[in-house]
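Undergrad: following is a predicted model, sequence given first.
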Amino acid sequence: MSGRPTIACVIGTRPEAIKMAPVIAALRAAGWARCMVVATAQHRGLLDQMLDRFAITVDHDLDLMTEGQAPADLVARMMPSLDAVLAGEAVDAVLAQGDTTTVLVAALVAFHRRIPFGHVEAGLRTGDLSRPFPEEGYRQMVARIAHWHFAPTAGAADNLRAEGIREDRIHVTGNTGIDTLLDTVRRLAPPAMPDGRLLLLTAHRRESFGPPMRDIFGAVRDLVERHADVTVLYPVHPNPEVGACARELLAGHARITLLPPQDYFDFVALMREATLVLTDSGGIQEEAPALGKPVLVLREQTERPEAVAAGVARIIGTRREAIVEAAGRLLDDPREYRAMARGVSPYGDGHAAGRIERILRQSLRALQPSPD
Ligand SMILES: CC(=O)N[C@@H]1[C@@H](OP(=O)(O)OP(=O)(O)OC[C@H]2O[C@@H](n3ccc(=O)[nH]c3=O)[C@H](O)[C@@H]2O)O[C@H](CO)[C@@H](O)[C@@H]1O
């Protein structure tokens, strides 16, 4: 390495853009490194929406999304494509976030080229390789070969220690998604006062396709039928499996609105207006508590136990009666509601990206040969 080091930030999906945006901004502002952004674009439309929103300029766009892409096919196409970028540029470090195919391939390609890899949002675990699938397996595999493990919480760091990761490679930074959230909230106009109560829904996980998703949507219909003042807004994920099921079971009800995927600022504004958030998303489990909104998690388990432990999120699974019961209780009982609607942010304080930038600066300086 000579002169300014080059750090490649690899992103592929909407949440990766949201969570890498502050890291890219911090590296670019600090200026000691060249921050090169590589978009695999494993999701095209949702990624582009966020690249625009956060004004992320992309140096290499691999444009890999195809219709109905299977994970194996995506891995097979992404490996040579990303490797060619690293072969053509003198890259000193590679960073990627989370648990997607993009993160797995970025770590593996960096490993083959002996380039240190930094895993942003390291150490999240359910311990069950089938849930979430394939993400849990990807997280575990990436941990074997990462050089820097940027853990969002002390619990995530403990998970890494339990797998034998060296102490000096683990850094508790907070989640960069909270940096983006708090920065966004500062820029938004004050929230509107909605009529009635808003229930905000998102559901798109692969393991919920089929009967669990039909159960979720059935529960949502039951809830609006039982609560005359409740309106549901559902930004529908573009995966065709999700859209078809949502239209079949939710369209045509006056108080249920299916929306296209929302711009991030608009979505944060909706979270602020919501009474209750029902979701199977990872990032929304982190964001809603920071905004003081109770979250009911439509999964059987979570890799984000901190909000559950703090009493501001609950795992309720995907059974229709369980969802109706848990959401109904919060809608009917103001004391239960208040107990969950406390603004706590177990996942970060808004300064994670700055910590990552400083750790990389010190660490890459230490790796650099001295001038004489
Ligand atoms: C298994 C798992 O949990 N994996 C996660 C998965 O991410 P996810 O489940 O969080 O993904 P989504 O739900 O798609 O996105 C959520 C984000 O999008 C914003 N949003 C939402 C709707 C909308 O209409 N407009 C928006 O702007 C919203 O505020 C939030 O920030 O991959 C990540 C990357 O590797 C991982 O970090 C993460 O563990």
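TA: That came in fine, so what should we check first?
Undergrad: name the residues of the protein found near the ligand, please.
TA: Contact residues, the chain versus the ligand (Cβ under 6 Å from any ligand atom): 13-16, 18, 97-100, 121, 132, 135, 177, 202, 235, 261-262, 264, 267, 281-284, 287. All C-beta spots, glycine's among them, are computed from the backbone N, C-alpha and C.
Undergrad: among these, name the buried ones.
TA: For the residues of the chain next to the ligand, a burial check counting by 16 or more other Cβ atoms under 10 Å picks out 13-16, 18, 97-100, 121, 132, 135, 177, 202, 235, 261, 264, 267, 281-284, 287.
Undergrad: residue contacts, the residue lying closest to Lys293 once chain neighbours are set aside?
TA: Nearest residue to Lys293 in three dimensions, chain neighbours excluded: Val277, at 5.2 Å (Cβ to Cβ, 6 or more residues apart in numbering). By Cβ atoms under 8 Å, 6 or more residues apart in numbering, the contact list for Val277 reads Leu199, Leu200, Leu201, Met271, Ile284, Ala288, Lys293, Pro294, Val295, Leu296.
Undergrad: residues near Ala76, how many?
TA: Ala76 has 12 neighbouring residues, counting by other Cβ atoms under 10 Å.
Undergrad: that one: helix or strand, and which one exactly?
TA: Assigning secondary structure by DSSP states H and E places Ala76 in helix 71-88.
Undergrad: narrow the buried ones among the residues of the chain next to the ligand to those in helices?
TA: Counted as lying in helices by DSSP state H, out of these, are Arg14, Pro15, Glu16, Ile18, Glu135, Gly177, Tyr264, Phe267, Gly282, Gly283, Ile284, Glu287.
Undergrad: relative to Arg361, how far out is the residue in the stretch 201-350 of the chain positioned nearest to the ligand?
TA: Distances between the stretch 201-350 of the chain and the ligand by Cβ to the nearest ligand atom are smallest at Gly282, namely 2.4 Å. Shown here: Gly282 relative to Arg361, a distance of 28 Å by Cβ to Cβ, to the nearest Å.
Undergrad: just Arg206 next, same as before
TA: 38 Å.
Undergrad: give me the nearest residue to the residue of the chain found nearest the ligand, chain neighbours excluded.
TA: Residue of the chain nearest the ligand, by Cβ to the nearest ligand atom: Gly98 (1.9 Å). Leaving aside its chain neighbours, Gly98 sits nearest to Glu121 (5.1 Å; criterion: Cβ to Cβ, 6+ apart).
Undergrad: with Ala339 instead?
TA: Gly311 is the one closest to Ala339 (Cβ to Cβ, 6+ apart), at 6.6 Å.
Undergrad: let me know the secondary structure of the one you found.
TA: Following DSSP: H, G, I helix; E, B strand; the rest coil, the label given to Gly311 is coil.
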